[in-house]
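**Student:** Provided below for reference: sequence and predicted model.
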Amino acid sequence: MTSDENTMTPPKFDLEKIKYATDATTFEKAVDLYESGKVTQFKEGIGAYAALVIGTKPYRVSIEARRYGYGYCECYLGKNDTLCKHLVALSLYAVKEGRPLSGEDKRQTVQVSFSGTLGTLKKTELSAIKKSISGAMRYIKSYEGPSRIWFSYQNSLSEGCNRLAKIISDLPVSEQTAGLLVDMLLRLDDRLCRGGVDDSDGTVGGFIGEVVVMLEEYAKMDQSCIKAFKKLCDRETCFGWEESLVRIVDEGLVEKY
Ligand SMILES: [Zn+2]
């Protein structure tokens, strides 16, 4: 154990990981604990950190430095292998070393943002984005574990959607990027229908809905995007999310005659 904070070994995870892999409520509560100085007696051990986190009671908390979300807390949730606010507060401390959090640090943006600018991606940019989409898709995996890992499973789905949201936000609008988004939605749909993903709290479905709304904006801005929606016609999807886009295709055809 060392008490010299200047020589602290940083954890293998970073703030981005904490933000993506923690549900919003737990993250906010953890930020409150961290900012009000409730993480006390911080100590670095071998590959781990420990602290006394002052919640409704003082809780002894320890976390692994190697992987985010692995640790122990004396509170009720912690004892049930659930990622509790105390574990997250200590993780924030390990990453920030007690320094204040900026506004950006605390912003857990998951919403897809629309660029509103026309344009296409260069070949290299397009393939880089496709690669990062495939990387983020790995978090949206099938549920196989016992019920006690349910929460970490849910967090993995959120992390996948958060990562995807960041990748596809502010893309230039064109038939090319519309096609990229439609393909991504079909991959997600395939995971939901046939990939064993348990989306009972609607994380993935909600994300799909946000992307569909953005694609409607694409179509308003550039009619050629509608061509990319044709793939969705005569398709059975898991919950009918494609309907509004198919309607745009139908209306587009009607207008031509
Ligand atoms: Zn706890």
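**Tutor:** Yep, it's here.

**Student:** Contact residues of this protein facing the ion?
**Tutor:** Taking Cβ under 5 Å from the ion as the criterion, the chain approaches the ion at residues 73, 75, 78, 84, 86. The way it works is simple: take the backbone N, C-alpha and C, and place the C-beta from them, glycine included.

**Student:** how about TSV for these, with secondary structure added?
**Tutor:** As requested, the residues of the chain next to the ion are exported to TSV (DSSP: H, G, I helix; E, B strand; the rest coil):
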residue	secondary structure
Cys73	strand
Cys75	coil
Gly78	helix
Cys84	coil
His86	helix
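
**Student:** Now list the buried members of these.
**Tutor:** 73, 75, 78, 84, 86 (16 or more other Cβ atoms under 10 Å).

**Student:** tell me the contacts of the second one?
**Tutor:** Contacts for Cys75 were tallied using Cβ atoms under 8 Å, 6 or more residues apart in numbering; they are 55, 59, 84, 86.

**Student:** again, only using 10 Å
**Tutor:** Contact criterion Cβ atoms under 10 Å, 6 or more residues apart in numbering gives 53, 55-57, 59-61, 82, 84-87 as the residues in contact with Cys75.

**Student:** Pick the one among those residues closest to Gly160.
**Tutor:** Ranked by distance to Gly160 (Cβ to Cβ), those are led by Thr82 at 19.4 Å.

**Student:** Tell me how many other residues surround the closest one.
**Tutor:** Counted with other Cβ atoms under 10 Å, residues neighbouring Thr82 total 19.

**Student:** Check Thr124 too.
**Tutor:** Neighbours of Thr124 under the rule other Cβ under 10 Å: 8.

**Student:** Equivalent analysis for Glu35, please.
**Tutor:** Count around Glu35 with other Cβ under 10 Å applied: 14.

**Student:** quick one: it from the ion, how far?
**Tutor:** Separation of Glu35 from the ion (Cβ to the ion, to the nearest Å): 17 Å.

**Student:** Same check on Lys29?
**Tutor:** Separation of Lys29 from the ion (Cβ to the ion): 10 Å.

**Student:** shouldn't that residue be in contact with Val53?
**Tutor:** No. At 11.2 Å, Lys29 does not count as touching Val53 under the criterion of Cβ atoms under 10 Å.

**Student:** Which residue of these two possesses the greater neighbour count?
**Tutor:** Using other Cβ under 10 Å, the more surrounded residue of Lys29 and Val53 is Val53, with 30 against 17.

**Student:** Any stretches of the stretch 101-250 of the chain with poor pLDDT?
**Tutor:** 109-110, 146-151 (pLDDT under 70).

**Student:** try 80
**Tutor:** Scanning the stretch 101-250 of the chain for pLDDT under 80 picks out 108-111, 144-153, 155.

**Student:** For the stretch 51-200 of the chain, just list every one of the strands.
**Tutor:** For the stretch 51-200 of the chain, strands defined by DSSP state E, counting those that start in this stretch occupy the ranges 58-64, 71-73.

**Student:** Out of these, indicate the one that is most buried.
**Tutor:** Most buried of the strands of the stretch 51-200 of the chain by mean neighbour count (mean count of other Cβ atoms under 10 Å) is strand 71-73; its value is a mean of 22.
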